[in-house]
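Engineer: What follows is a predicted protein model with its sequence.
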Amino acid sequence: HLQNCFCKPIFVCFPALAFYVASNCCMVAAMQDRPGAPTAPSKMTKPHLVMMVIDDLGWTDVGFHGSDFPTPNIDQLAKDGVKLDRYYVQQVCSPTRSALMTARYPFRTGLQHTTTLVPGSSATIPTDTATIAEVLKTVGYSTHAIGKWHLGYQGWNDTPIGRGFDSYSGYLQGAEDYYTHSMNLNIRKHTLSGMDLWRNRTAAWDAYGQHSTEFFMGEAKRLLDSHNPATPMFLYFAHQEIHAPLEDPLESHSRMACTGENVTSPIGAGATAGRHTLCTMASNVDAAIGTFVDLLKGKGMWESTLLWLTTDNGGMTYGIEADGAPPIAVSTSSNWPLRGGKGTLFEGGVRGVSFVSGGLLPDAARGKTRTELIQHVDIPATMAKLAGAEWSRGTPDGLDVWETIVTGAPSKRTEVPINVDTCVGITGGPPCSRNTKYNALISSNWKLIEANWYPVLCPNTTWCTGAGLYDGWWTNDPYTHITYNATTQGAMRVRGLDKGGLWLFDLKADPNEAWNVAAFNPDVVEAMRTRLMVLADVKNGYRNPQINLPHLRAFPGLHNGTWAPFRKLGEKLPPLPADYIDAATASLSTSHWD
């Protein structure tokens, strides 16, 4: 459809390159050639960009991967777009979101916490690293964030409105109640409870009792109603669903959609009830996404929009219940046929659901599935290139993979550092553990896990094997657990990795990690462990995780009952007392906040 668009005498527009062209001629031609497309804004020269995150979305929590959960809107967007079959994220939330926001590996910013950020943490995105919002602002974008942040909030300058976003509506922690918007944390036998829902710097007390998704959609409509389509927009839309706690939405359509689904689990009544509730949550966020796309179409923006949807990690399985976690953490996702889930370095924890859709996508690319390596850091890097922007602070680790997406060209990415962490403290940051690693690397078809993290909550090595919160496979229909075989699938024991070891998988031959071949490929293991050592070298940009404890100034009682920023601009936080660090670390070792 761009065959008649010649923007410069030496340049012929065609789908693989069409959207690198900063020309009104090309953009309008691309849109007007689509039957029934709304008239493009006359001054539109850059695409609208939507980065959408569904929280804790498991591999088999979507219909197009065979789920029992009805997700027709997500399925249609994936069908009309490009599915990414070898796309990788971190095993938990905050690290992935830091990568999405900065295009840098979490171990370059000190945000690779195994536990994610605790409420009141002093950890934040470093100021020497630009965010995608800050980058896009330099080329004229209107920037907005809706939903979950979970990237630190020492001061207001660490929240979205201080890191490049023109507006923000959402919550700062990793989880909360869907209706009361409160988050509880136990410290020293005391329960800290605070509300956490904001419009910019104002607490959204008026939303008490309103489901989070309904609140977010109201904010999205208000934003789009007031937006001038001639101005390119970047929207970071991070849904709360389908993260625990498992709470049914009030919306009757979602409950009705799951009435006929077979979600009975032989594990027991708890898992069965959880599967039904998770089904309604998946249906609810799916309906919201469909409504959001309709809003963009109604505004005449869809044809010039690129929507990139991603999960932040694999789905949280019922395995966390066996670890003794509180109800706020327990979920019932399936990542079948992938091994493990959220909180593990296995494929079920880090191989993420993702696709690219929207009117901006060339017709020739639609309906395709790409099997090239792509990682979370590549999303902001690719979006910046599409917008004609350059990263201003912090060398990005992300690669521009647009050519791979639209034409299927080989990916520039040849390795995926899934995680690099040689600190692995009890709360994810210092004080660091001794002789503990939580590393994983993909190089071509090989995947190495080098880990011996053993959570305090985990009661035995049947569930925890060093590679995360639990092990095994959780099927989809019926929902049940398949235990791993310690002889052929367990860790290869090596010196220095007590309670863990090494796993090596050939993902081309064994994508579901059913056979540990580390003992048969010593040269591959040695080479990949050497590469991990290089990545973990401070001379190469490695940073230990930042301190991750609730700061005494962050307690909600000091902020009108809210989890709110607790450092004034230009102020340096006082160090935490040693006795508090010890007590808080001990308390948090048996707590859960994400």
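Structural biologist: Nice, I can see it.
Engineer: Helices of the stretch 151-300 of the chain, start to end?
Structural biologist: 212-226, 252-257, 269-298 (DSSP state H, counting those that start in this stretch).
Engineer: Can you name the residues that contact Lys368?
Structural biologist: Lys368 is in contact with Val82, Lys83, Gly408, counting by CB atoms under 8 Å, 6 or more residues apart in numbering. C-beta: built from backbone N, CA, C; applies to glycine.
Engineer: Apart from its neighbours in sequence, what residue is nearest Ser589?
Structural biologist: Nearest residue to Ser589 in three dimensions, chain neighbours excluded: Val456, at 4.3 Å (CB to CB, 6 or more residues apart in numbering).
Engineer: State the pLDDT value of that neighbour.
Structural biologist: At Val456, the model reports a pLDDT of 75.
Engineer: Quick check, it in contact with Ser591.
Structural biologist: No: with contact defined as CB atoms under 8 Å, Val456 does not count as touching Ser591 (9.7 Å).
Engineer: more neighbours, these two?
Structural biologist: Ser591 (19 against 13; other CB atoms under 10 Å).
Engineer: give the contact list for that one.
Structural biologist: Leu185, Asn186, Pro326.
Engineer: what about the last one, helix or strand, and which?
Structural biologist: To tie it back to what came earlier, the one meant is Pro326. For Pro326, there is no enclosing helix or strand under DSSP states H and E.
Engineer: Spatially nearest residue to it, not counting backbone neighbours?
Structural biologist: His592 (5.6 Å).
Engineer: so the one you found touches Ser331, yeah?
Structural biologist: No: here His592 does not reach Ser331: they are 11.7 Å apart, not a contact under CB under 8 Å.
Engineer: okay, the two: which has more neighbours?
Structural biologist: Ser331 (29 against 25).
Engineer: element containing that one, please.
Structural biologist: Going by DSSP H and E, Ser331 is not part of any helix or strand.
Engineer: Now do it, the pLDDT please.
Structural biologist: On the pLDDT scale, Ser331 gets 94.
Engineer: and the host helix or strand of Val524, what other elements does it pack with?
Structural biologist: Using DSSP H and E, Val524 sits within helix 522-535. For helix 522-535, the elements it packs on are strand 415-419, strand 438-443, strand 446-451, strand 501-506, judged by 3 or more CB pairs under 8 Å, 6 or more residues apart in numbering; DSSP states H and E.
Engineer: which helices and strands does the shortest one pack with?
Structural biologist: What it means is strand 415-419. helix 106-109, strand 438-443, helix 522-535.
Engineer: how does it look with 6 Å?
Structural biologist: Contacts defined by 3 or more CB pairs under 6 Å, 6 or more residues apart in numbering; DSSP states H and E place strand 415-419 against strand 438-443.
Engineer: got the contact list for the most centrally placed residue in the chain?
Structural biologist: Centroid check for the chain by CA atoms, centre = their mean gives Asp312 as the closest residue, at 1.8 Å. Neighbouring residues of Asp312 by CB atoms under 6 Å, 6 or more residues apart in numbering: Val53, Cys93, Thr96.
Engineer: out of those residues, which is most surrounded?
Structural biologist: Of all the contacts of Asp312, Cys93 has the most neighbours under the rule other CB under 10 Å, reaching 29 neighbours.
Engineer: Could you verify my assumption that that one touches Thr116?
Structural biologist: Yes: taking CB atoms under 6 Å as the definition, Cys93 is a contact partner of Thr116 at 4.8 Å.
Engineer: Report the set of residues contacting both of the two.
Structural biologist: Counting by CB under 6 Å, 6+ apart, the common neighbours of Cys93 and Thr116 are Gly174, Asp594.
Engineer: quick one on the thing from earlier: any idea how far whichever helix or strand comes after the helix holding Val524 is from the chain center?
Structural biologist: Next along the chain after helix 522-535, taking DSSP H and E as the criterion, comes helix 578-588. Offset of helix 578-588 from its chain centre (CA atoms, centre = their mean, to the nearest Å): 29 Å.
Engineer: So for helix 578-588, what gets flagged as buried?
Structural biologist: The neighbour-count check on helix 578-588 (16 or more other CB atoms under 10 Å) flags Ile581, Ala584, Thr585, Ser587, Leu588 as buried.
Engineer: Kindly report the same for stretch 282-297.
Structural biologist: Result for stretch 282-297 [16+ other CB under 10 Å]: buried residues 282-290, 292-293, 295-296.
Engineer: Let me have those in a markdown table, adding pLDDT as columns.
Structural biologist: Output for these, formatted as a markdown table (pLDDT from 0 to 100):
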| residue | pLDDT |
| --- | --- |
| Ala282 | 97 |
| Ser283 | 96 |
| Asn284 | 97 |
| Val285 | 98 |
| Asp286 | 97 |
| Ala287 | 96 |
| Ala288 | 97 |
| Ile289 | 98 |
| Gly290 | 98 |
| Phe292 | 98 |
| Val293 | 98 |
| Leu295 | 98 |
| Leu296 | 98 |
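Engineer: so which of these would you say is closest to Pro430?
Structural biologist: Val285 (35.9 Å; CB to CB).
Engineer: hang on, the earlier thing: my guess is the residue nearest to Ser589 is in a helix, correct?
Structural biologist: No: under the criterion used here (DSSP: H, G, I helix; E, B strand; the rest coil), Val456 is coil, not part of a helix.
Engineer: can you give me phi and psi for it?
Structural biologist: phi -60, psi -30 (degrees, to the nearest 10).
Engineer: how far does stretch 87-96 stretch from start to finish?
Structural biologist: End-to-end distance for stretch 87-96, by CA to CA, to the nearest Å: 12 Å.
Engineer: Now tell me what touches that stretch from outside.
Structural biologist: Contacts of stretch 87-96 (CB under 6 Å, 6+ apart): 106, 111-112, 116-117, 150, 174, 312-313, 343-345, 349-350, 352, 354, 374-376, 416, 594.
Engineer: and that stretch, how far out from the chain's middle?
Structural biologist: On CA atoms, centre = their mean, the centre of stretch 87-96 falls 5 Å from the chain's centre.
Engineer: Buried residues, it. List them.
Structural biologist: In stretch 87-96, the ones that count as buried by 16+ other CB under 10 Å are Tyr87, Tyr88, Val89, Gln90, Gln91, Val92, Cys93, Ser94, Pro95, Thr96.
Engineer: Kindly report the same for stretch 355-368.
Structural biologist: So, applying 16+ other CB under 10 Å, buried residues of stretch 355-368: Phe355, Val356, Ser357, Gly358, Gly359, Leu360, Leu361, Pro362, Ala365.
Engineer: Check the spacing between the residue nearest to the third one when sequence neighbours are not counted and Asp294 real quick.
Structural biologist: Of all residues not flanking Ser357 in the chain, Gly81 sits nearest, at 3.1 Å (CB to CB, 6+ apart). Plainly put, Gly81 is 17 Å away from Asp294 if you go by CB to CB, to the nearest Å.
Engineer: and what of Gly359?
Structural biologist: 13 Å.
Engineer: Then Asn157?
Structural biologist: From Asn157 across to Asp294, the span is 35 Å (CB to CB).
Engineer: Can you name the helix or strand that Glu369 falls in?
Structural biologist: No, residue 369 isn't Glu; it's Thr. Here Thr369 is assigned to strand 368-370, by DSSP H and E.
Engineer: strand partners of the helix or strand following that strand, parallel vs antiparallel please.
Structural biologist: Toward the C-terminal end, the helix or strand that comes next after strand 368-370 (DSSP H and E) is strand 374-375. The pairing partners recorded for strand 374-375 under DSSP bridges are strand 87-88 (parallel).
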